[in-house]
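K.L.:
Pasting the sequence and the predicted coordinates here, then a few questions.
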Amino acid sequence: MRTCRGSFAVQQGSVDAIVAVQVGRTWRACVPGGSRSLAVLKNLLPDDAVTHAWSNLTFTDLSGRTGEIDLLLLTRVGFFVVELKGWHGTIAGTQQTWDVTGASGQHTRHERNPWYLTEQKAKRLSSLLKQRARNDQERRAVPFIGALVVLHGRGSKVELKDTAIAGLYALDGFGVRAWAMPR
C-alpha cells in the first residue's frame, strides 16, 4: 500500500488535481485502489474558482483523536467530508448495519453504515475549526460540513433499504448497481 501525504486545490489549469498530490515529478494516487474513482470525481467537479478538494487528510480533534479523510470537498453547494468505499460484491442492510458479501458469495462481513462515521468526522472537524477561530466572526464563518459516502467497487450490487441511502452515492462507470429495497 502506498501512502501519500499532502493537500491541493482544484484550480483552473490543474491537470490531475484530485487524482493525486505531486511528489517530486511523479503523481501518485492517495487512496489505495482509488485513483480511478478520484479521476472520475475530478471530471465531475466544475472548473471554477470556488471548487476545491483536498485528498488523504489526517487531523487531530479536540479530544486528541485522529481522523482520516479520503476527500474534503468545497463546492458552491457546500463543504463535505467524502468517504470513498471500494467494497466489492453485494451490499445489503438497514440504516444502521450493512452486510457486505464478497463477489464470490463465500464470505459476508458486517459493517456499520459508513455514513455515520463520516458524519462524526465532519462534526469533529467542524468543532476543531470553530475552536481554532480567533474570534466570534471567524467562528460564525465556519460553514456546515456535510458527510457523503461514494461507493466505487466495480460490479458491486447495492440492496439497501431506502432509509439507509442518505448521503450515499455510486460512481457511474464502475458498474455499481444500486437501488433501495422496500422498508
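P.N.:
Looks like it came in fine. Keep in mind the model is a prediction, meaning the values are calculated, not measured.

K.L.:
Using CSV, list the CA coordinates for stretch 128-146.
P.N.:
Only the C-alpha atoms of stretch 128-146 are listed here, as CSV (Å, rounded to 0.1, in the frame of the first residue of the first chain):
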residue,chain,number,x,y,z
LEU,A,128,-11.9,21.9,15.6
LEU,A,129,-12.2,24.7,13.0
LYS,A,130,-14.5,26.6,15.3
GLN,A,131,-12.3,26.2,18.3
ARG,A,132,-9.2,27.4,16.3
ALA,A,133,-11.0,30.5,15.1
ARG,A,134,-9.5,33.7,16.5
ASN,A,135,-12.8,35.4,17.2
ASP,A,136,-16.6,35.1,17.1
GLN,A,137,-16.8,36.4,13.5
GLU,A,138,-14.4,33.7,12.3
ARG,A,139,-16.3,31.1,14.3
ARG,A,140,-19.6,32.1,12.7
ALA,A,141,-17.8,31.9,9.2
VAL,A,142,-17.1,28.2,9.6
PRO,A,143,-19.5,26.5,7.2
PHE,A,144,-21.6,23.4,7.9
ILE,A,145,-19.6,20.4,6.9
GLY,A,146,-21.7,17.6,5.5
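
K.L.:
So what's the gap between that stretch and the chain middle?
P.N.:
Offset of stretch 128-146 from its chain centre (C-alpha atoms, centre = their mean, to the nearest Å): 22 Å.

K.L.:
dump the residue contacts of Trp87.
P.N.:
Residues near Trp87 by C-beta atoms under 8 Å, 6 or more residues apart in numbering: 100, 151, 153, 156. C-betas here are computed from N, CA, C, even on glycine.

K.L.:
For it, what are phi and psi?
P.N.:
Phi and psi for Trp87, reported as degrees, to the nearest 10, are phi -70, psi 140.

K.L.:
so which of the contacts of Trp87 comes closest to Arg124?
P.N.:
Leu151 (23.1 Å; C-beta to C-beta).

K.L.:
quick one: that closest one and Thr66, what's the gap?
P.N.:
24 Å (C-beta to C-beta, to the nearest Å).

K.L.:
So between the two, which is more surrounded?
P.N.:
More crowded of Leu151 and Thr66, by other C-beta atoms under 10 Å: Leu151, with 21 against 9.

K.L.:
my guess is the more buried one contacts Leu171, does it?
P.N.:
Yes. With contact defined as C-beta atoms under 8 Å, Leu151 reaches Leu171; the gap is 7.3 Å.

K.L.:
For my notes, confirm Leu84 occurs in a strand.
P.N.:
Yes. Counting by DSSP: H, G, I helix; E, B strand; the rest coil, Leu84 is located in a strand.

K.L.:
Just confirm it contacts Leu148, I think it does.
P.N.:
No. Leu84 lies out of contact with Leu148 (C-beta under 8 Å); the separation is 9.6 Å.
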